[in-house]
Structures are given as structure tokens and as C-alpha cells.
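Novice: Sequence first, predicted model second:
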Amino acid sequence: MSIRLLIVLIYSGLLINADAFAKDALSAVQIVDGITQRRPPNTRQAVGRRYVWNFRGRHYTILMTIDLERYNSYSGKERYDIPKLVEEGRTTIGNLTREFQRTFKRNRGWTRQDRVDFVLSFVQSLPYTLDDVTTGYDEFRRYAIETLIEGGGDCEDTTILVAAILRGLGEKTALIFTPGHIALGVSGDFKGASLTYNNTKYYYCETTGTGWTVGTLPASVGKTVEAIIPLTPSKIGPAPQPDKTTTPTPVQPKPTPKVPELTPEPPPIQPEPEPEKPKPRPDKTESSETNSAAGMVIATLFILIGLGIPIAFLVYRFIISDSDDDDDTEYDDTHESTNPLDW
């Protein structure tokens, strides 16, 4: 019986641990050095948020997407127990805490105080808003995810948010209550204003306003402490990795019967045109022989014409002309000369 009970407890613990990761309401969280104009889109399932702040002269931007269903689930939840709100925030915004861890790895030269001050500077950049103005209630403590959605809050809201982040980073913290105010105390090798509780020294951390570092006590905050509630450190682990996966053996798909489809009637096949035969080129030898024969004929004609003209002229001049003169002038023996000189 005891073995069965132990198995049930172990199994329940695994389920609780898995649920702690599963209910993280933030996705696509990214801290960017500098100012970026990119903004996560808003959808029906999620809302995007962009926060820009300054830390020691440098700008940083956080981009995140928040699940709306998870956000709406906090409507009507109990808000009296602040440590419970901090613990809920530690698991709900775990991806934001992991992104801070990645930022610290990129800045290995930062000290422990630098890291805490970096987180404080982000939370302090959120505007201070009164509960009765934003919610209509005089005292309305927000869960960490609600403060991120609303983009600000009062001292209780920002203290719950920074406590959830620092607890997830493994810092030992405590809630410090002063008259009309609440802040956070962080244990460690720091300097400045502090108080000791159960042999542990906690250094004061202001979450409203800007520029307050660990151990800096604003003049507006009194030194009277009404209560202090230590919070158990609980460093959030890395994102869970999936169990060992096995590659399934590929299965040959079975051929599926083809469904006949209506296809249009194919157009008649047109006979392919026969390629045009090239015209035979005339033989160069034949054309040259024809050209030479024609040239000989033409040359002969010119020679004959050249010889015929002078021959015809000579025939006409000496033969035909002489015969005409003999016929026209006959000698008349009976003609008497009238010339007195004739004898």
C-alpha cells in the first residue's frame, strides 16, 4: 500500500511540475539591446507588449506575447495573500525570467548587484497608476501578468512583479511593509539601507520611480517597518526539453485508388506540317557554261554586224551607184556645141 501511495505522489509531483511549465502565459519573449520599432502583433488569442527603458545610459527593449485566455483566468481570483500572488507570478512569467538569464549570459561582466539593478530598472520604468483610477477599487492587487498587460501599477503591483522575477532568478527576498507603502528586500553582498530579520540582512529595493538601485532608500519612505515577510527563493529552471525521441520507421504508403474525374474532350490532333524541302541550288558549272555560250553568240553577232555594214556600203558605192550614172548620161553625137571656143 505504501509503495502505491509513493508512486501516486511521485506521479502527482511530475504532473504539478509539468503544469508549472505548461501554464506559463508568456511566449516569444525577447530582450533587445537598444530601441527597436518592432511590435508583437495582437491576435484573438494573444496580446503583444513592448517595453523600452534605460539602464546606465543604454536603452533596452522587451518584446513579449501574452496569452489572453491565461490572463482572463485571473478574473475573480483571490488577491489577499501577496506571497501567493508572487509564487503564481514566478511560474506564470517564467519565460521572462529565462530571458533575463540569457541577457546576463551575454553580459558576463555584470556583478550580482548589476543584475538586480537591471531587473529593478525595468520594473521601475512602468508608470505608476492608482488602483481606484485603473480598476475602480481602492486596493486591487494585481498578479504579475496583469501588471504586464496593464503596463503599470502601484507599489504593490510592481513589488509583486519584481519579486516574482527575482525569486525565479534564485534571489532570497522579503516583502517589506512600511506605513502606506510596500517594497522588496534582497539578501546579498550589497551596500546601502538594509534591515536584519531572522539573522538575514535584506537590502531595500524601491520599485516605484526610476533610478533607485539596491540599498537606496528614498527620502519619502519612512524608516518605520510594520512587517517583513521572507519569500523562499525558488530559482526557475530552463525550459523543459522533450524526452528522448525515436525516429519512426518509414512506412510505405498504400496506393489509393484513383477517382475518375471529368476531363474535357481533347482537341483533334492536327497533322504536323511537313518540313519545306530546300530548293536545289543551280550548278555553278552549268551556269558558267551557259553564260560563256551566250557571250560567244553576242560577240559573233557584233563581229558580223561590224563586217556587214562596210561591205554593204562598198557594194552600194561602187556597184549600184555606178550603174545608175551610166543609165542617166548617154553621149549624143548629133548635139552641136554652142560654145564658141569649141572647134
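Specialist: Thanks, I have it. Residues are numbered from 1 along each chain as shown.
Novice: what mean pLDDT would you report for the helix or strand that contains residue 89?
Specialist: Per DSSP states H and E, residue 89 falls inside helix 82-92. Mean per-residue pLDDT for helix 82-92: 93.
Novice: Just list what it packs against, helices and strands only.
Specialist: helix 144-150, helix 155-168, strand 173-178, strand 227-231 (3 or more CB pairs under 8 Å, 6 or more residues apart in numbering; DSSP states H and E). Heads up, the C-betas are built off the backbone N, CA and C, glycines and all.
Novice: possible to save these as JSON lines with mean pLDDT?
Specialist: Output for these, formatted as JSON lines (pLDDT from 0 to 100):
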{"stretch": "helix 144-150", "mean pLDDT": "94"}
{"stretch": "helix 155-168", "mean pLDDT": "96"}
{"stretch": "strand 173-178", "mean pLDDT": "96"}
{"stretch": "strand 227-231", "mean pLDDT": "95"}
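Novice: if we compare the ones you listed, which one ends up closest to residue 121?
Specialist: With CB to CB as the criterion, residue 121 lies closest to helix 155-168 of the helices and strands packed on helix 82-92, at 10.3 Å.
Novice: Report the buried residues of that closest one.
Specialist: 155-168 (16 or more other CB atoms under 10 Å).
Novice: now stretch 58-70
Specialist: 60, 61, 62, 63, 64, 65, 66, 67, 68.
Novice: close enough to count as contact, residue 203 and residue 190?
Specialist: Yes: under the criterion of CB atoms under 8 Å, residue 203 makes contact with residue 190 at 4.3 Å.
Novice: Could you tell me which residues touch both of these two?
Specialist: Shared contacts of residue 203 and residue 190, defined by CB atoms under 8 Å, 6 or more residues apart in numbering, comprise 214, 215.
Novice: doesn't residue 66 fall inside a helix?
Specialist: No: the assignment for residue 66, made by DSSP: H, G, I helix; E, B strand; the rest coil, is strand rather than a helix.
Novice: Which residue, other than its chain neighbours, is closest to it?
Specialist: residue 47 (5.3 Å; CB to CB, 6 or more residues apart in numbering).
Novice: backbone phi and psi for the one you found, please?
Specialist: With angles defined as degrees, to the nearest 10, residue 47 sits at phi -130, psi 140.
Novice: Report the buried residues of stretch 172-186.
Specialist: Per 16+ other CB under 10 Å, stretch 172-186 contains these buried residues: 172-178, 181-186.
Novice: Next: stretch 42-62.
Specialist: 46, 47, 49, 50, 51, 53, 55, 60, 61, 62.
Novice: Among those residues, which one lies nearest to residue 115?
Specialist: For the buried residues of stretch 42-62, the nearest to residue 115 is residue 55 (10.9 Å; CB to CB).
Novice: So the residue nearest to that closest one when sequence neighbours are not counted: helix, strand or coil?
Specialist: With sequence-adjacent residues excluded and distances taken as CB to CB, 6+ apart, residue 55 is closest to residue 121, at 4.4 Å. Three-state assignment for residue 121 (three-state DSSP): helix.
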